[in-house]
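Undergrad: Using only what follows, build the 3D model:
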Amino acid sequence: MSRAGVPHFDNAQTFVDALRSNPRLEDSDLGAEIIDQLRNPLTRCPSLTPDERLSIRLYLADSQGADKIYADTRTAILERHPEDDILSLHLVKKKVAELTGVCALTHDMCPKSCMAYTGPWAALDKCKFCEESRYEDVIVGRRTLRKPRRQFDTYPLGPQIQARYRSLDGAQDMQYRQSQMSRILDELRQTGDLNHITDIIEGSDFWDACQHGQISEDDTCVLFSMDGAQLYEHKASNCWIYIWILVDVAPGKRYKKRYILPGAIIPGPTKPKHFESFLFPGFHHVAALQNEGFSIWDAFRDVVFISRPWVFAAGADAIGAPDVTGLVSHHGKLGCRHWKPGGSHYYSGCEDDDYDPSIIGESRSELYQEKLAYVRNATSITNYEARRLATGISKPSLFSGLSPSHTLPIPRLFPGDIMHLFGLNIPDLFYRLWHGTFDCDVKNGDSKASWDWVCLTGEVWTRHGELIAAARCFLPESFHRPPRNPAEKISSGYKCWEFLNWFYGLAPAFLYWQHYCKLVAAVRIIFQRKSSGAQRERAHILLSDFAYDYEVIYVQRKVSRMHFVPQCMHGITHTPTETCRVGSLICTCQFAMERIIGDLGAEIRQPSNPFANLSQRALRRARVNALKTMLPDLDSPSTSSHVPMVDLDDGYTLLHPREPGARPVSDDEDLVIFRYIEKCVGMTEARAIWVVAMESCVQRWARVRLPNGQVCRSAWKEVPNQVSRNSRNVKSTDIFEYAEVQYYFRCKISGTVHTLALVSRYGPPNKTLLGLSSGTVWACRAAATSQRQLSVIDIKSIIACVAMCTSQWTSLE
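TA: Predicted structure coming up:
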């Protein structure tokens, strides 16, 4: 506890101490059956009777609808087949709960969402903050019962992890981390470092913990993510959700909703005044599992082993982060932030002495503990506030109550979130700068007349918005949401993906400022799943130069412009080094959390009671995810056998539509295809293959799926069908960079079937513009279908589907 008796600090410390006090599963509200399951798991794959399987399939098919649909469907089937024993809705839910072992822990909470009655506060009868009563009296017959006025649900982590191992497929999915660590540790022994980073497990914090034996083969590594959600746009409907993400699953699957583990739903609409009390049930469960371990039956290896959850990283949005981390908000003074005279906030940079943005200090847990003790030992409220100001620490984080041997130390536990940083904060900052809507500090001598960078106003802003909206047809479907006209919609719920596609994708072609292009080039590297050491070093240099140029161009060492440098401007310079420490930052950011919020929010069917309905949908999601993992055939996609599709290995798949048979090609295509075959086997053999055997004919295919999940189309089908989003431009590892696919085809050369693509090459880029823009603006001549521009490439040289905005767009300027 703090010496000064500071409630904000002491309340958090009370819950931290409760986590540290030898937590046991019996101390939680878990039922005896669930506790026994965690210690003595079943050692067989689950099985179902035909009627149970039919009942569960009906239940799963109705996942988006009302319960009445299940009941009506069941009744209709029983009318036709009265001999079938189809379970009622109540019984099928009970069966799913029994099979998965996934349950909800329900606890009372303040009616105004101030706090939860958990842990040290479980016995209280009224709220510590608003003094609202916990219970209300309800008359039932002749009795008066005390009924909790409000409750919330937590979904324990242990049973959800156990379910992941109860099938061959699920257990294999959970072997990803261990299968990769041997390769990673071998490379480290040979080279001392990792050049390419593609995932969390390749970050130095992770492999260092493995090298030192802190993370064992049997541990289950997880990420924590929390965010707020507004369920309805025009209604007070805020709530908070947290989830667990399995690091042991490969990145290609890890963030899909089937693999996300719900943690809790915290109802609103007002923000809780004590988040620790809401987080405590889930954290106590994790702490108990870390303390005593829990047993898992691995269906793939047919062994039972003891596992402990290892918490590697935790993230939250900027508003919720102080409650999770225990640090001050982004407006407080911390490290390199400075107070602006006459203001109430602190800002980055703007020191009197010169500084080097490329020098990034390392966050050390020892220093954090020293500062936390310094705040704890404050002698008065005033002294506490001064020490909080000096250290940036307001209270201990609830994470400090977890096992230190199974949790990354604070503050290294909290990596930056590039989704909010680059997707929302930085674009909003520059929009206000270039639009001239920042507050002008006239009192300290500033004047908008001196803001020569303001460019997005009037007709220029209107025209720019029209161009961005017109680019929609050039962005492939895999680019997610295309940006709407920012001049009209930027204040109407502009989404993160819209900002990303506008600010880092399209805008550099029009807002050509060299310092801005440095930012764009660096962010494109940071957002890559895979980056090399050279790329990370380049991103570090670009962001350091950009941060320096930003202060020279916009701030100009003027106190009146200190508010131009919010904390996000300093945060960007940490991202390259954080990538080395944490691994690919796209793997730890909040995109998965945002998707879960959207998915669960879309399933709400009771607007009158959305929070309770959301809790039920989250519980259902947890159970359905576990069930589909345990019985993978329940999740088998229904594919028609007559749909043409060819698995090409290495993640490539040739997709329909295709021509019913081979047809002749044009003269230009004929020559280009012949030359490709000639290059492979010589002229004589090429004539025998192309002219004699194939008769200068090919069977065209329209689409191909790439290893990254993108689907590339072709001009053969896109042009006549007039599709709304162009997905036929590709990036190739061949001798040229970009091309437009005309069609895909297959050709047997020397006994081996080759899958090829006929493409139209784009011209080389304007080197001057490419260099001045730090490689962000690639301006080239459009692809042509003449013989000189046509080429044949192996389909496996295609690495991405890209957007190429042609003259139809730029001519609008």
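
Undergrad: Low-confidence ranges, the stretch 401-550 of the chain, go.
TA: By pLDDT under 70, the weakly predicted segments of the stretch 401-550 of the chain are 512.

Undergrad: What segments of the stretch 301-450 of the chain are strands?
TA: Ranges of strands within the stretch 301-450 of the chain are 303-307, 309-316, 337-339, 346-348, based on DSSP state E, counting those that start in this stretch.

Undergrad: Just the CA atoms of the second one, as CSV, please.
TA: Read that as strand 309-316. Output of strand 309-316 as CSV, limited to C-alpha atoms (Å, rounded to 0.1, in the frame of the first residue of the first chain):
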residue,chain,number,x,y,z
PRO,A,309,-0.3,-19.9,-19.5
TRP,A,310,2.6,-17.7,-20.4
VAL,A,311,1.5,-14.0,-20.9
PHE,A,312,3.8,-12.4,-23.5
ALA,A,313,2.1,-9.1,-24.4
ALA,A,314,-0.9,-7.0,-23.4
GLY,A,315,-2.5,-4.3,-25.4
ALA,A,316,-5.4,-1.8,-25.2
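
Undergrad: mean pLDDT for the strands of the stretch 301-450 of the chain: which is lowest?
TA: Mean pLDDT values for the strands of the stretch 301-450 of the chain show the minimum at strand 337-339, a mean of 43.

Undergrad: beta partners for the residue nearest to Asp219 when sequence neighbours are not counted?
TA: In space, Asp219 comes closest to Trp310 once its chain neighbours are excluded; the distance is 4.4 Å by C-beta to C-beta, 6 or more residues apart in numbering. Heads up, the C-betas are built off the backbone N, CA and C, glycines and all. On the basis of DSSP bridges, Trp310 is bridged to Cys221.

Undergrad: I'd say Trp310 and Asp218 touch.
TA: No. Trp310 is not in contact with Asp218 according to C-beta atoms under 8 Å; the separation is 10.1 Å.

Undergrad: Looking at these two, which is more packed in?
TA: Taking other C-beta atoms under 10 Å, Trp310 and Asp218 do not tie; Trp310 has more neighbours (23 against 14).

Undergrad: which ones are touching that one?
TA: 214-215, 219-222, 406-407 (C-beta atoms under 8 Å, 6 or more residues apart in numbering).

Undergrad: From Gly416, how far off is it?
TA: 21 Å (C-beta to C-beta, to the nearest Å).

Undergrad: Met630 now?
TA: Counting by C-beta to C-beta, the gap from Met630 to Gly416 is 36 Å.

Undergrad: of these two, who's got more company?
TA: Ranked by neighbour count (other C-beta under 10 Å), Met630 and Gly416 place Met630 first, with 22 against 19.

Undergrad: how about the spatially closest residue to that one that is not a sequence neighbour, secondary structure?
TA: Here the nearest residue to Met630 in space, its sequence neighbours aside, is Arg166; by C-beta to C-beta, 6+ apart that works out to 4.5 Å. At Arg166, secondary structure determined by DSSP: H, G, I helix; E, B strand; the rest coil is coil.

Undergrad: show me what contacts Arg166?
TA: Counted by C-beta under 8 Å, 6+ apart, Arg166 has contacts 42, 45-46, 297, 299, 629-630.

Undergrad: same check, this time on Lys731
TA: Applying C-beta under 8 Å, 6+ apart, the residues near Lys731 are 737-738, 798-802.

Undergrad: these two touch, right, Cys587 and Ala250?
TA: No. Between Cys587 and Ala250 no contact is recorded; they are 11.0 Å apart, counting by C-beta under 8 Å.

Undergrad: ok, Ser450 - how many residues close by?
TA: Residues lying near Ser450 (other C-beta under 10 Å) number 12.
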